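# kindly generate the corresponding structure for this input.
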Amino acid sequence: MQERTADLNQANETLRERADLLDLTHDTVFVRDLRDVITYWNHGAVERYGWPKAEAVGQVSHALLQTIFPAPLEEIHAELLGRGRWEGELVHTKRDSTQVVVASRWALQRDAQGSPLAILETNNDLTERKRAEEALQQAQTELAHVTRVLTLGELAASIAHEINQPLAAIVTNGSAGLRWLAGATPSLDDAREALQCIIDDGQRASEVITRIRALLRNTATEKGRLDLPPLVYEIVRLTQPECVRQRVTLRLEMAADLPPVWGDRVQLQQVLLNLVLNALEAMARVAQGRRALVIRARPETVDTVLVAVEDTGVGIAPEHLDQIFTAFYTTKAQGLGMGLAISRTLIEQHGGRLWAVPHDGPGATVQFTLRTAPAAG
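Coordinates of the predicted model:
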């Protein structure tokens, strides 16, 4: 027992000597025993958390700092004992009750026999960096929303046409229904059919408005399991009138074995809508020739899916393949040069990549990858 105590005292003294070397830094360094009782508290810890050494030493560190862990403490201790070290982000509460986010590193100290004796913990403050990251994320979200609104503005005529069709049909069927009922012998079957058509057309108009409202949402990212085909079909329905107006042949090639992906529906709709509109714009600038738009989706690897938008437009010069994804770079007279830059950012935030491929003939392909969704349950 005396030998064990001597080992512990020697280990604590060694750790104190090492910690003293860092006492002039701004990093938090403290030593705690296997019961998490603080045995050493450096100057950086005093500055960071506000407790002087006399008040901190002898306290249970996780109780004093009200530590919030990224995983159950039992799992963290198991990793520490198994590997001899642990690294992760923690949330600590200071003496003035404010919270800080720290990058924490734990190193397990052992005696001559290899038995655990104490833990050396160092912490670097990440609070300002986290705030900057959150501000950047918020700015990206706002910018993406603005671009989404501008994109829908470009589609205003197409959207108005799509909504006007079911509304005109409602008026037509309503007038027909009144005529069937106003006859000398009212035709109830025909009137009933007219009313059913009115209901169907009303639902069509409602669906259009619902899709537009969804795209106009300005909310935080909500990633989840998504089936790609319904998402692609929504974009097709939204852009179909514009394809008809420009005499563009639209073809879908959706693999039958397409797995669900993991992502935010609105953001992925924005990316695909932007690529389709870019393709239509590229083909509108072609005076002659066949105009064809193809949207493909297929598994790429075991855990990724590839989505591609192919057109027969003006194409992309090889020297511009990277420039087109740069903010404010545009080949459009009225363009802002933000659509592809934001689209690439959104895809990268989903763990994928987005790039362009020129064709030997007319047109180009812009494609992106997405991660497949983890198994349900």
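
# burial measure for residue 343, as a count.
By the criterion of other CB atoms under 10 Å, residue 343 has 25 neighbours. All C-beta atoms are positioned from the backbone trio N, CA, C, and that covers glycine.

# so it, which state does it fall into?
Secondary structure, DSSP: H, G, I helix; E, B strand; the rest coil: residue 343 is helix.

# point out where the stretch 101-250 of the chain drops to low pLDDT.
Low-confidence segments of the stretch 101-250 of the chain, defined by pLDDT under 70: 134-162, 164-165, 207-208, 210-221.

# again, only using 80
Within the stretch 101-250 of the chain, the stretches with pLDDT under 80 are 111-114, 127-169, 172-173, 183-184, 200-201, 203-222, 237-242.

# tell me where it has helices.
Using DSSP state H, counting those that start in this stretch, the helices of the stretch 101-250 of the chain run over 127-154, 156-182, 188-215, 228-245.

# what does the stretch 251-377 of the chain give?
Ranges of helices in the stretch 251-377 of the chain, per DSSP H, counting those that start in this stretch, are 265-284, 339-349.

# and residue 66, which of these is closest to it?
Residue 66 lies closest to helix 339-349 among the helices of the stretch 251-377 of the chain, at 31.6 Å (CB to CB).

# next, the angle from that closest one to helix 265-284.
Orientation check (axes from the mean of the first three to the mean of the last three CA atoms, to 10 degrees): helix 339-349 against helix 265-284 gives 140 degrees.

# pLDDT averaged over helix 339-349 - what is it?
Mean pLDDT, helix 339-349: 80.

# counting by contacts, list what that helix packs against.
In terms of contacts (3 or more CB pairs under 8 Å, 6 or more residues apart in numbering; DSSP states H and E), helix 339-349 is packed against helix 127-154, helix 265-284, strand 354-358, strand 364-371.

# show the contacting residues for residue 200.
Applying CB atoms under 8 Å, 6 or more residues apart in numbering to residue 200 gives no contacts.

# how many residues are close by residue 354?
So residue 354, with other CB under 10 Å, has 20 neighbours.

# so it makes contact with residue 370?
No: using CB atoms under 8 Å, residue 354 is not in contact with residue 370; the gap is 10.0 Å.

# intersection of neighbour lists for those two?
Common neighbours of residue 354 and residue 370, counting by CB under 8 Å, 6+ apart, are residue 347.

# doesn't residue 88 fall inside a strand?
Yes: Residue 88: assigned to a strand according to three-state DSSP.

# on the three-state scheme, the nearest residue to it once chain neighbours are set aside is what?
Setting aside the residues directly before and after it, residue 88 is nearest to residue 70 in space (CB to CB, 6 or more residues apart in numbering), at 5.2 Å. Put simply, residue 70 is coil when judged by three-state DSSP.

# contact partners for residue 70?
Residue 70 is in contact with 88-90, counting by CB under 8 Å, 6+ apart.

# for these, which one is nearest residue 316?
Using CB to CB, residue 89 comes nearest to residue 316 of those, at 41.4 Å.

# how does the chain divide into domains?
What automatic domain parsing lists as the domains of the chain is 2-125, 136-220, 221-377.

# leaving out chain neighbours, which residue sits closest to residue 318?
residue 358 (6.0 Å).

# burial count for the one you found?
There are 14 residues near residue 358, going by other CB under 10 Å.
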